[in-house]
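Asker: coords below, sequence missing:
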């Protein structure tokens, strides 16, 4: 019998990296294996900023659904009866352009790749927000840098949800 837990996939440590999928061919030119490994470790759900917002709202007595697949963009939090959705955006990945944001940064290497990626991310975000509005939902975006002032964030979220 194996000592490895049944629900875990086998580790790739010590093995050669997997071959790229057809959609990935050419996307990773000039990227070191170490950089690629770091980027693959970034997750898209249950991030620290998202968990801060979820704990804050749950502590205030609000109940919500997480990552509803039937809504455009799979909002981080969805309040069905209120028809309100909250997205928690990381300032780097969603290219926050506020002047006071200190968390945004522009990579120094492969700038053409990153500029195109950020443009696609912004366009996708706008499409998702517009689609939600067309469905009668009211979306709200919480930026990662906004978590620095939790009392203000709490007041903003309460006003949004109770409006």
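Answerer: Happy to help now that I have it. What you see is a predicted model; the values in this text were computed from it and never measured. Residues are numbered from 1 along each chain as shown.
Asker: just the helices in this structure please.
Answerer: 33-40, 48-59, 111-134, 150-162 (DSSP state H).
Asker: what's the most buried one of those?
Answerer: With neighbours defined as mean count of other CB atoms under 10 Å, the helices of the chain peak in mean count at helix 48-59, which reaches a mean of 16. Placement of C-beta: from N, CA and C, glycine included.
Asker: contacts for it?
Answerer: Residues outside helix 48-59 that contact it (CB atoms under 8 Å, 6 or more residues apart in numbering): 64, 66, 76-77, 86, 88, 90, 142, 144, 147, 150, 153-154, 157, 161.
Asker: out of the residues you listed, which is nearest to residue 133?
Answerer: Residue 133 has its nearest neighbour among the contacts of helix 48-59 in residue 86, at 14.2 Å by CB to CB.
Asker: beta partners for the closest one?
Answerer: Beta-bridge partners recorded for residue 86 (DSSP bridges): residue 77, residue 140.
Asker: confidence score at it?
Answerer: Looking at residue 86, its pLDDT stands at 98.
Asker: ok, it - contacts?
Answerer: Neighbouring residues of residue 86 by CB under 8 Å, 6+ apart: 53, 64, 75-79, 139-142, 157, 160.
Asker: follow-up on the earlier one: possible to save the helices of the chain as TSV with distance to residue 100?
Answerer: As requested, the helices of the chain are arranged in TSV below (distance: least, CB to CB, whole Å):
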stretch	distance to residue 100
helix 33-40	27
helix 48-59	17
helix 111-134	19
helix 150-162	13
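Asker: nearest to residue 102, of those helices?
Answerer: helix 48-59 (14.4 Å).
Asker: what's the angle from that closest one to helix 150-162?
Answerer: Put simply, helix 48-59 runs at 60 degrees to helix 150-162, going by axes from the mean of the first three to the mean of the last three CA atoms, to 10 degrees.
Asker: give the rounded mean pLDDT of helix 48-59.
Answerer: Mean pLDDT, computed over helix 48-59, is 96.
Asker: ok, now how distant is the most centrally placed residue in the chain from residue 148?
Answerer: In the chain, the residue lying closest to the centroid (CA atoms, centre = their mean) is residue 44, at 4.8 Å. Distance of residue 44 to residue 148, computed by CB to CB, to the nearest Å: 22 Å.
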